[in-house]
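J.: The sequence and its predicted three-dimensional model are supplied below.
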Amino acid sequence: MAPMLEVDRLTKVYRRGWPAARETFRLEADFRVEEPGIVGMMGPNGSGKTTLFELITGSNSPTSGTVRVQGRDIHRVRTDERDRLAIHYHQSYQVRHFSSLYPNALLERAGSAYPMVHLFDEPQFNTQDGYIGFMLDFFRRLRAEGRLVFLCVHPNERFHLEILEEICERFIFVQKGTVTPIADFDGLVAHEPCRTYLGGLLTERAT
C-alpha cells in the first residue's frame, strides 16, 4: 500500500531581481508518513511552514521534487479535485482555490471523494468552555477515519504546547526552509533549534 504522504526531495526556491535574479528563499523537504495519524508542526514565522502546506495541497508548484498523497502526484491531479486528497485550512478555516497552467482535462482524477490529508494552519484555539476539547475530538475522529492530520501551531501560550503534546504522535520543525521530522514530543523539545525558538515558553512549561 502506498504511504499516506510522501514528500520526495521537494524544493521550492524563490528568486527576485532582474536580469541577475538572486535567491531569496529556499525550502527543502524529504519525509514520508506511512499511516493515518496526527503530526504537529511548528517553527518561526517566515520559516516555510505555510509554503510546505501549499506544496502538499498542490496550490503551489515545487521547483523540484514530488508530493504524493496515497500514491498520487498531487501536482498531476485536476485542480478542482486536489482538495479531495489534501486540504489546507487557514486560520479562518478558509480553503484556498487552485490554479494550473494545464487544463483539468489533461490532469488525473483524484480517486478520492473525501480529503485524505487535512492541514490545519495555526487554528484559533478559543479557551471558552469545551472548545479545545471539541477540536481535539475532531482531530482524533479524522485519524480514526483513516485520515492524516497536520496541526501547525505557533505557540505563544503554555497551553498550546500542552495541546501538541496531548494530541500529536510525531512532529516536524521548520526553520529557515529546513524541514526536520522528529519522532516524538520529547525529541521535539530536545531539538536545539526548537528550544531556542520556544525560549521562555519552554522554561515556563518545565516549572
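T.: Noted; the coordinates are in hand.

J.: Give the buried residues for the top helix by length along the chain.
T.: In the chain, taking DSSP state H as the definition, the longest helix is helix 131-144. Going by neighbour count (16 or more other CB atoms under 10 Å), the buried part of helix 131-144 is Ile132, Met135, Leu136, Phe139, Leu142, Arg143. All C-beta spots, glycine's among them, are computed from the backbone N, C-alpha and C.

J.: residue contacts, the spatially most central residue of the chain?
T.: Taking CA atoms, centre = their mean, the centroid of the chain lies closest to Phe53, which sits 4.4 Å from it. Counting by CB atoms under 8 Å, 6 or more residues apart in numbering, Phe53 touches His88, Leu119, Asp121, Phe150, Cys152.

J.: Figure out the helix or strand that the fourth one lives in.
T.: With secondary structure defined by DSSP states H and E, Phe150 is part of strand 148-152.

J.: Can I get that strand in CSV? Just the C-alpha atoms.
T.: What follows is strand 148-152, C-alpha atoms only, in CSV (Å, rounded to 0.1, in the frame of the first residue of the first chain):
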residue,chain,number,x,y,z
LEU,A,148,-3.7,12.1,8.2
VAL,A,149,-3.9,15.4,10.2
PHE,A,150,-1.2,18.1,10.3
LEU,A,151,-1.6,20.7,13.1
CYS,A,152,0.6,23.7,12.7
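
J.: Note down every partner strand of it and its orientation.
T.: Strand 148-152 has its sheet partners listed here by DSSP bridges as strand 37-42 (parallel), strand 117-121 (parallel).

J.: Low-confidence ranges, this structure, go.
T.: For the chain, applying pLDDT under 70 flags the ranges 91-99, 205-207.

J.: Just the strands from the protein, written as ranges.
T.: 5-16, 22-33, 37-42, 64-69, 72-73, 86-89, 117-121, 148-152, 170-175, 178-182 (DSSP state E).

J.: Export those strands to a markdown table and append columns for mean neighbour count and distance to Asn104.
T.: Converted to a markdown table, the strands of the chain look like this (neighbours: other CB atoms under 10 Å; distance: least, CB to CB, whole Å):
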| stretch | mean neighbour count | distance to Asn104 |
| --- | --- | --- |
| strand 5-16 | 16 | 23 |
| strand 22-33 | 15 | 27 |
| strand 37-42 | 22 | 30 |
| strand 64-69 | 18 | 17 |
| strand 72-73 | 18 | 15 |
| strand 86-89 | 23 | 17 |
| strand 117-121 | 23 | 20 |
| strand 148-152 | 24 | 25 |
| strand 170-175 | 21 | 31 |
| strand 178-182 | 17 | 30 |
